[in-house]
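Visitor: Sequence first, then the predicted structure, then my questions.
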Amino acid sequence: MNSFLRRSTSAILSLLMSVGAIGVVTVVGNVSAASPSGAATVPPWEPDANSVGGLVFYDAAGNVITGGSITDSPIAAYVAGTTVIRSGDTKATLFGYLPVNGQAPGSWSGDLLSGATTYPNNSAPSAIQSLPAGTPVVTGQSNDLTIANLEANFPNNSKTAGYQGVYQLRLKTSVAGKSATTTYDSADIVVTGSTWSVEYSLGAQVTTTTSLSTTPTSSSPFTSTVTLKATVTPSTAVGSVNFVDGTTTIGSAPVVNGTASLDTANLPGGSQALTAEFVPSNTGAYTSSDSPVVNFDVTPVATTTKLNVSPASASYGSSVTITATVSPSSAAGSVAFYDGNTQLTSEVPFSGQAVYSTTALPGGVQQLKAVFTPATAVDYSSSTSATSSYTLKAVATKIALKASKGVVTKGAAVTLTASLSPSRAGGSVSFFDGTKKLASVKVAKGRAVLVTKSLSVAHHVLKAVFAPSTGADYKVATSATVKVTVKQ
């Protein structure tokens, strides 16, 4: 058998093509009139006028393959056409040809790669037996010629683009009493080193399907890692998967044994519509396919806000620093500081902290808190710190009294001046003659002045008492006494 198979087809083809009549060609697959959609490389002679369909290659288990070793014998366990070339035929034979630039495909030389095998083959795997009725199938034999044999007998030394390393495989059919068909199903293969792969096959694209799953399955907090896994069928399909969120590509990964995976922590918050898009490496062999949409919820990350006030204690008017710490520190947004229900200010956190310093807190017990509001509510949740009770102690004050004169005649004016420290203290000063209140004067710029002519003839002991506007801010102070004598 080997000696027969290794003959050049220059003699064989003249016999096979001596009869020209062929039957009706029936389309088995989805055959395009031109190149397959999106084919990466279309040889210069395609579409071949005598080729009515493509070839699909299978391994012994019935899995589609798109290449192999040049020393494999047979080239493939099964080679199926995509058309019924001639109704009623029962034998299929595989040939290999060397394309020559400037020559019509019908003038090329080549080898008979297989014997004529019977189809349908009831011993073939279910994937082969389930092909449409009449589909021509070559069943490979261990003594079939290899691609290496084809190369040795017909070396491809072409330097012309589109011809280098390329051979055309043709499947023809026959039946007892009729010569082989002159039309054929074909595929163009390219040899690279020790391997061959399908470059072009009319209508021989294998339809793929792609599905998408996620881990976790339906939801995950913002910034958490989500694993996207695409499953491509058949598992022999070679290519890559683009993972897409709506119209935005998240990333891509190669398909290995029918699966491709991508880990991402960059999904935006909210409901996401995820898909996986399979892109075949050889678009002449496999179709592209998109998974159904997988709806995935990215939930807001819970935040916590803690409040710290320093120093631990202070007096009214002192600088107080309020610090809010937001966790996690990656949370973006703003922090509003409150004293009770009164907002003090709003600050933008930096590295998870927002700081506010003030000297304007009122004296007494203050109820301080911080409220974090996220920049994007679907990414992070809002949070409020525990309330911190903070006491600002009243500031001690001092008051000094001075009389304009120590001795005056009855009816003369006496100017009493009270000087307050600290001068910023607000309130009023009451002037006393013994226990008798003469008058109250509002403090202005740390002073209160009383001019009186009502002192009677006597020795008077005068004093000034400061009363703060807000007792929580400043303490009461009483001056030392000043003596004034009024004569007749």
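Guide: Perfect, thanks for sending it. Numbering: from 1, shown residues only.
Visitor: Would you map the helices across the stretch 51-200 of the chain?
Guide: With DSSP state H, counting those that start in this stretch, the ranges of helices along the stretch 51-200 of the chain come out as 126-129, 147-153.
Visitor: So which of those has the densest surroundings on average?
Guide: Among the helices of the stretch 51-200 of the chain, the stretch with the highest mean neighbour count (mean count of other Cβ atoms under 10 Å) is helix 147-153, at a mean of 19. Using the backbone N, CA and C atoms, a C-beta is placed for each residue, glycine as well.
Visitor: and the residue lying closest to Pro105 once chain neighbours are set aside, what element?
Guide: Among residues not flanking Pro105 along the chain, Asp48 sits closest, at 5.0 Å (Cβ to Cβ, 6 or more residues apart in numbering). Here Asp48, judged by DSSP states H and E, is contained in no helix and no strand.
Visitor: The helix or strand in which Leu416 is found: how far from the chain's middle?
Guide: Using DSSP H and E, the element containing Leu416 is strand 414-421. Computed by Cα atoms, centre = their mean, to the nearest Å, the chain-centroid distance of strand 414-421 equals 73 Å.
Visitor: who does it touch, helix- and strand-wise?
Guide: Applying 3 or more Cβ pairs under 8 Å, 6 or more residues apart in numbering; DSSP states H and E, one finds that strand 414-421 makes contact with strand 398-403, strand 427-433, strand 447-452, strand 458-468.
Visitor: going on from the last one, what's the next piece of helix or strand?
Guide: The element immediately downstream of strand 458-468 (helix or strand, assigned by DSSP H and E) is strand 477-478.
Visitor: Mean confidence (pLDDT) on the helix or strand following that following strand, please.
Guide: Downstream of strand 477-478, the next assigned helix or strand under DSSP H and E is strand 482-487. The pLDDT scores in strand 482-487 average 97.
Visitor: which of the residues in strand 482-487 are buried?
Guide: Within strand 482-487, the residues scored as buried using 16 or more other Cβ atoms under 10 Å are 482, 484, 486.
Visitor: swap in stretch 238-258?
Guide: Neighbour-count burial for stretch 238-258 flags 238-245, 250, 253, 255 (criterion: 16+ other Cβ under 10 Å).
Visitor: what's the pLDDT at Phe4?
Guide: Note for Phe4: predicted pLDDT of 32.
Visitor: what do you get for Ala285?
Guide: pLDDT, read off for Ala285, is 69.
Visitor: what does Val42 give?
Guide: pLDDT, Val42: 83.
Visitor: Hmm, it is touching Tyr200, no?
Guide: Yes. Between Val42 and Tyr200 there is a contact under Cβ atoms under 8 Å: 5.9 Å.
Visitor: okay, the two: which has more neighbours?
Guide: More crowded of Val42 and Tyr200, by other Cβ atoms under 10 Å: Tyr200, with 28 against 16.
Visitor: Now that one: closest residue in space, sequence neighbours ignored.
Guide: Nearest non-adjacent residue to Tyr200 (Cβ to Cβ, 6+ apart): Asp188, at 4.2 Å.
Visitor: The one you found reaches Glu199, doesn't it?
Guide: Yes. The pair Asp188 and Glu199 passes the contact test of Cβ under 8 Å, sitting 4.9 Å apart.
Visitor: Now the common contact residues for the two.
Guide: 43, 166 (Cβ atoms under 8 Å, 6 or more residues apart in numbering).
Visitor: who touches Ala116 in this structure?
Guide: So Ala116 contacts 91-93, 174 (Cβ under 8 Å, 6+ apart).
Visitor: Could you export those as CSV, including distance to Glu151?
Guide: Shown next, in CSV, are the contacts of Ala116 (distance: Cβ to Cβ, whole Å):
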residue, distance to Glu151
Lys91, 26
Ala92, 23
Thr93, 20
Ser174, 27
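Visitor: among the residues you listed, which are in strands?
Guide: Taking DSSP state E, the ones among the contacts of Ala116 that sit in strands are 91-93, 174.
Visitor: and which of those residues is nearest to Gly193?
Guide: Closest approach between those and Gly193, by Cβ to Cβ: Thr93, at 27.9 Å.
Visitor: Surely the closest one and Val138 touch.
Guide: Yes. Contact criterion Cβ under 8 Å: Thr93 and Val138 qualify, at 6.7 Å.
Visitor: Which one's more surrounded, those two?
Guide: Each of Thr93 and Val138 has its neighbours counted (other Cβ under 10 Å); Val138 has more, 32 against 22.
Visitor: Quick check: bridge partners of the more buried one?
Guide: Val79 (DSSP bridges).
Visitor: give me the low-pLDDT residue ranges for this structure?
Guide: 1-41, 203-205, 282-285 (pLDDT under 70).
Visitor: give me that answer again for 80
Guide: 1-41, 202-206, 282-285 (pLDDT under 80).
Visitor: Can you spell out the domain ranges of it, please?
Guide: 2-200, 209-299, 304-393, 398-487 (automatic domain parsing).
Visitor: Endpoints of the second one, how far apart?
Guide: Taking Cα to Cα, to the nearest Å as the measure, domain 209-299 stretches 30 Å from start to finish.
Visitor: Centre of the chain to it, how far?
Guide: The answer for domain 209-299 is 11 Å, by Cα atoms, centre = their mean.
Visitor: Can you get me a residue count around Lys442?
Guide: 10.
Visitor: how much space between the residue nearest to Phe57 when sequence neighbours are not counted and Thr209?
Guide: Nearest non-adjacent residue to Phe57, counting by Cβ to Cβ, 6+ apart: Ala76, 3.9 Å away. From Ala76 across to Thr209, the span is 23 Å (Cβ to Cβ, to the nearest Å).
Visitor: With neighbour numbers in mind, choose between those two.
Guide: A direct count of neighbours by other Cβ under 10 Å for Ala76 and Thr209 places Ala76 higher, at 24 against 15.
Visitor: And the more buried one, how far from Ser201?
Guide: On the measure of Cβ to Cβ, Ala76 and Ser201 end up 13 Å apart.
Visitor: same question, Gly434
Guide: As judged by Cβ to Cβ, Gly434 and Ser201 stand 121 Å apart.
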